[in-house]
Every structure is written in structure tokens, then in C-alpha cells.
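Student: Model the following, please.
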Amino acid sequence: MATNQSWDVIIIGSGIGGLTAAAFLAKKGLKSLLIEKEAQVGGYVISFRRDGFTVDATGAFVGGCHEGGEFHQILREIGAHEEMEFIPVHHIRNIYPGFEVHLNQGGFNSYAEALLSLFPEEEKGLKTYLSLVGRIGEEVKSYSEMPFIKRIFFPLYFRNLIRFHRTSHKTILDQLFRGGEIKMALHTLPATESPSRLSFLFVATLISKALMEGVFYPKGGMGRISGAIAKSFLHSGGEIRLQTEVDRILVKDRRIEGIQTKDGKIFQAPLVISNVNPNLLAKMLPPEFQKPLLKKMRHWEYSLSCFILYIATDLDLGKRGLPYFTYHRSLSDLEEEDRMLRRGEVPKNPTMIVSIPTLLDPSLAPTGQHLIKVLVTVPFYYRERWGEGNSHQYRRIKEEFSQKILQQLESKLVPHLRDHLLFYEAATPLTLKRYTGNESGAMYGLASTPQQIGNLRPSHQTSIPGLFQVGHYTRPSHGIVGAGLSGLFAARAILQRR
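Tutor: Residues are numbered from 1 along each chain as shown. All right, here's what the predicted structure looks like:
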């Protein structure tokens, strides 16, 4: 066993939450060590190279990147904003059964205007919806800026947060709108829950903090975000150890005293921040601390997973008038689709989320060639967990699903695509679980249901003094902005206690 090494804080896992916390604390002078089991930092927010292409593992855009926006402020606080260039996403096309919504510029207000032109009879409901979103957004902003002592008067200042605390998106949509089409369009969000399962507070916060001013794509690929934050962390004196896996979190006299890696090395620190699946975190703790944590997790609900198809083509997609981002839905009944997925089934024509990053940043591919990424929400338990444990079965199911999506993409959006393939590669829920450790390959960590929103989500401070947690299993929510905020909130809480 190696001799002990001491740090002020150790961060386990380098997703956006862990990276943000690490960079913020290092910038404030804490001797910080970031440990990552994979060969690069970033969790879901990474890019990889294939045959001259830069491919984003997940993610198609990020919100709040404009001057003064939520994510811009996070990057500024950790000194990473000057490393990033964000390209506004102007061309978006949402295709539904019987109608389409086109957005050429602007944020959520422009989207609402497009919906109003399609459904003028829904004007009153749409205005009320936008007003509610705005009021909730203001209350969330006020709460995050309010001194702790004033929060005891929560009911006086945050009436909408209290009023809608247990309200689903479906409840609001049904109250305000008559037609199913506009409800479907307003539920086109980065979440895997159906309207009856998704928290309206989450929706309002997401729109106000991340979508209101439009969305952006990072020049150079999604991995540039993680790279910029890691660079800031190293510049502030932090240290990163890649391909290093934590085996145990060391606790003495009920306080954190460090970690031990799987190769037997011990690193001492009075503070540990976990940016890993809480079920994995529990297994790292001494037995006497595992049971209380696992008991809390017993009733948690996780988001669904996804299947991602990465495609390289020599088709000139720029001349075809295709947008950067296309949402293509074939099923009108969102609730029935959700029930199918939760039974372990996939619709015949699943909803596709298609992005073509080379339309925004041609440097991601060789000249004249393009990348297409297709994301489909899927269950972890599809076809006996995607043939887990049987490599032949797994490859067969993966190839069959890839062909299903290629055929659907070709017939609906990109004719003759299969005649112009340079390569295609797929990631399944098992891929997501293997590389990131997310529970059942969960795309967004904890599901953002009304029962798992706000203070009902796990706190950053655990019951063990010195042990904190960040990421999309904690407060405030999932997504790049949500995970970044979790890291920032945890880091601030640590500094307040020092």
C-alpha cells in the first residue's frame, strides 16, 4: 500500500457537477484532487475521435450560454468562460403527427410565437402558461440569491413554488389548453418523463434558466465544455488522476478521512465530493453507513435510458435544407408511449432526436462530409436488458436496432442515407452504464417527477460529515446546467463551513 497523500478535498467522478465543484474550490485555494475511472474527464459530456471525425457522445445543445445566462455565469465563476465559443442554434424543426413547428431564431418566446401562429385559439392559455413560467423562474432566481436567514419566511416570498410543488406538467397543460397538439409541442423537452410524470416546477425552471434565450452548441464539440472546465481546474493548481477507480471511502469516528483506490493507494482529505451514482457511492462506504443510504434510495425513480446512433456520411447535407436539430415524433399519445417504455417495449416508430453538428461546425468532419447523431429514448430492460451477459446476443440486438433507426431516418428525413454511409456506431443503455456508472444507464439520473423536485431531491451534504454529492441525482435538477449548478452549490456550501 502506498504512503498517504493529503488534500483539502477529493472529488470522485468528473461529470459536469464534479468538474464544476473541483474547479470552483481549486480557484478558491483548496488543494484539490479529481479522480476519474475513465481515460478522459466529462462523464456524458465528452467527444471522441473516429476516422477524422469528432463525435459527441451525448448532448445536442446547452442553454444559458449568452452573456449573463446561467451557464455563462457558471463558467465565469470558475474562470472557464474565455476558453469557450458557443454557436447559437437557430434552425430547429419539430415534426409531430399532422403538424410541424419551425424555429429559425430566438428562444422559448419565439417558440411560443410559432405555436400561437399555429393554434391562435390557444392564445389565452399560452399567455397564462408563459406568465406562470416567468413567475416561477423569478422565484427560483430570488431563492438562490436570498440569504439563508430570510429563507425561514419561504411561504411569504415563494407562493408559486409552494403552490405548484407537487403539480405535474399534464395538470397545467390540461387546465390551460384544449387541443392535444399544443400540449404535445409544449412537452418537447430534454426529459424522459411523460406529462403526467414530469414536474411542472422542473419544466418552468428549465425554460427560464436554460431555454428562454435560446440554445447553443460549443464550437469544437460538446467535449470542449468538459475540457475547458478541466483546464481551469488545472490552472488553479488542481490535480487529475485518470483511469483511477475508487474502491473505498475512508471514515473514522464518523467523519471522512479520505479514499482508497482499487490499486491500494490511500489519499487523505477531510472532504470528499461524490459525482457518481449514489448506489455506487453507498458500496464505497463502510457497512454501517451503507444501510441508511440504501434505504433512502429504495423508492427513488430513475430516468429512462437512450440508444444513440452515430453516423458519418458523404451526403452534402448542407444543400438539403436540413436543420441542425430535428425532433421527429410519430406517436400522438405521450402517455401510452411512456407506458410502453416502462414495460420494456419500444414503439414501432420511436421518437427520434436528430442533430447534425457539422452544419454548425464543419471542422468536426473531413471536408464535404457530415455527422448525424440520433438519440432515441429506450428502456434498460428492452429484450432482456439488451442481451446483457451474452456478447453474441448483445451485438445482434444492437445491430438490429441500428438498422431500425437507419431505416426510419432514411424514410422520414434523409433519403438515400444508407447508400452513403462512411460508418455508423451505436451506444446502448449498457454502454452508458459501463462508461459512466449511471443506474440502469439513466440518461438524466433521477427522474424529475413532482416527488423528486427541489428539496425532495437528495441534498448535497450527506449524513456523514465531510461527504458531499453532486450531479444529476441531487439538487437542483438534471442537464448540463443543472449538474453545473449542483457542483457550484455544493462548493459554496463547503466554503461556508470552513
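Student: ranges for the strands of the stretch 351-498 of the chain?
Tutor: According to DSSP state E, counting those that start in this stretch, the stretch 351-498 of the chain carries its strands in the segments 352-355, 370-378, 421-427, 467-469.
Student: Could you dump the ones you listed into TSV and include distance to Phe401, mean pLDDT and mean neighbour count?
Tutor: C-beta coordinates here come from the backbone N, C-alpha and C atoms, glycine included. Output for the strands of the stretch 351-498 of the chain, formatted as TSV (distance: least, CB to CB, whole Å; pLDDT from 0 to 100; neighbours: other CB atoms under 10 Å):
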stretch	distance to Phe401	mean pLDDT	mean neighbour count
strand 352-355	12	98	22
strand 370-378	8	98	23
strand 421-427	7	98	16
strand 467-469	33	98	24
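Student: Can you add distance to Pro286 and give the ones you listed back as a markdown table?
Tutor: Formatted as a markdown table, the strands of the stretch 351-498 of the chain follow (distance: least, CB to CB, whole Å):
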| stretch | distance to Pro286 |
| --- | --- |
| strand 352-355 | 42 |
| strand 370-378 | 36 |
| strand 421-427 | 35 |
| strand 467-469 | 12 |
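Student: can you tell me which of the ones you listed comes nearest to Phe267?
Tutor: Comparison of the strands of the stretch 351-498 of the chain against Phe267 by CB to CB identifies strand 467-469 as nearest, at 14.5 Å.
Student: which secondary structure elements does the closest one contact?
Tutor: With contacts taken as 3 or more CB pairs under 8 Å, 6 or more residues apart in numbering; DSSP states H and E, strand 467-469 sits against strand 271-274, helix 479-497.
Student: from the chain's centre, how far out does it sit?
Tutor: 20 Å (CA atoms, centre = their mean, to the nearest Å).
Student: again with stretch 34-51
Tutor: Counting by CA atoms, centre = their mean, stretch 34-51 is centred 15 Å from the centre of its parent chain.
Student: right, and the helix or strand after the least confident helix or strand in the chain by mean pLDDT?
Tutor: One helix or strand of the chain scores below all others by mean pLDDT, DSSP states H and E: helix 154-157, with a mean of 57. Downstream of helix 154-157, the next assigned helix or strand under DSSP states H and E is helix 159-163.
Student: still on that earlier bit, looking at the helices and strands packed on strand 467-469, which is buried most?
Tutor: strand 271-274 (a mean of 27; mean count of other CB atoms under 10 Å).
Student: Now do the very next helix or strand once past that strand, average pLDDT.
Tutor: Counting by DSSP H and E, the next helix or strand C-terminal to strand 271-274 is helix 278-284. When pLDDT is averaged along helix 278-284, the result is 96.
Student: Okay, buried residues for helix 278-284 please.
Tutor: Buried residues in helix 278-284, counting neighbours by 16 or more other CB atoms under 10 Å, are found at 278-279, 281-284.
Student: From the residues you listed, pick the one nearest Asn94.
Tutor: Distances from Asn94 to the buried residues of helix 278-284, taken by CB to CB, are shortest for Pro278, at 34.2 Å.
Student: residues contacting the closest one?
Tutor: Contacts for Pro278 (CB atoms under 8 Å, 6 or more residues apart in numbering) come out as 293, 297, 458, 469, 473.
Student: One more: Leu417?
Tutor: Leu417 neighbours (CB under 8 Å, 6+ apart): 311, 313, 315, 372, 406, 409-410.
Student: now Leu304
Tutor: 192, 341-342, 377-380, 442-443.
Student: Serialize these to a markdown table and add fields for distance to Ser47.
Tutor: Formatted as a markdown table, those follow (distance: CB to CB, whole Å):
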| residue | distance to Ser47 |
| --- | --- |
| Thr192 | 23 |
| Leu341 | 28 |
| Arg342 | 31 |
| Thr377 | 22 |
| Val378 | 22 |
| Pro379 | 27 |
| Phe380 | 24 |
| Ala442 | 21 |
| Met443 | 18 |
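Student: circling back to that earlier point, which of the contacts of Pro278 has the most neighbours?
Tutor: Tyr473 (29 neighbours; other CB atoms under 10 Å).
Student: can you tell me how far that residue sits from Arg166?
Tutor: Distance of Tyr473 to Arg166, given as CB to CB, to the nearest Å: 20 Å.
Student: for Leu364, same thing?
Tutor: For Leu364, the distance to Arg166 - CB to CB - is 43 Å.
Student: Have a look at these two and say which one is more surrounded.
Tutor: More crowded of Leu364 and Arg166, by other CB under 10 Å: Leu364, with 21 against 15.
Student: Let me see the contact set for the more buried one.
Tutor: Per CB under 8 Å, 6+ apart, neighbours of Leu364: 53-55, 220-221, 357-358, 371.
Student: Now restrict those residues to buried residues only.
Tutor: Buried among the contacts of Leu364 (16+ other CB under 10 Å): 53-55, 220-221, 357-358, 371.
Student: Save those as CSV, and put in distance to Gly64 too.
Tutor: Formatted as CSV, these follow (distance: CB to CB, whole Å):
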residue, distance to Gly64
Phe53, 28
Thr54, 23
Val55, 24
Gly220, 19
Gly221, 19
Pro357, 19
Thr358, 24
Leu371, 25
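Student: could I get the helices and strands packed on strand 467-469 as a markdown table with mean pLDDT?
Tutor: Shown next, in a markdown table, are those (pLDDT from 0 to 100):
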| stretch | mean pLDDT |
| --- | --- |
| strand 271-274 | 98 |
| helix 479-497 | 96 |
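Student: Output those in JSON lines; the columns should cover distance to Gly18.
Tutor: JSON lines is the format used below for the helices and strands packed on strand 467-469 (distance: least, CB to CB, whole Å):
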{"stretch": "strand 271-274", "distance to Gly18": "7"}
{"stretch": "helix 479-497", "distance to Gly18": "7"}
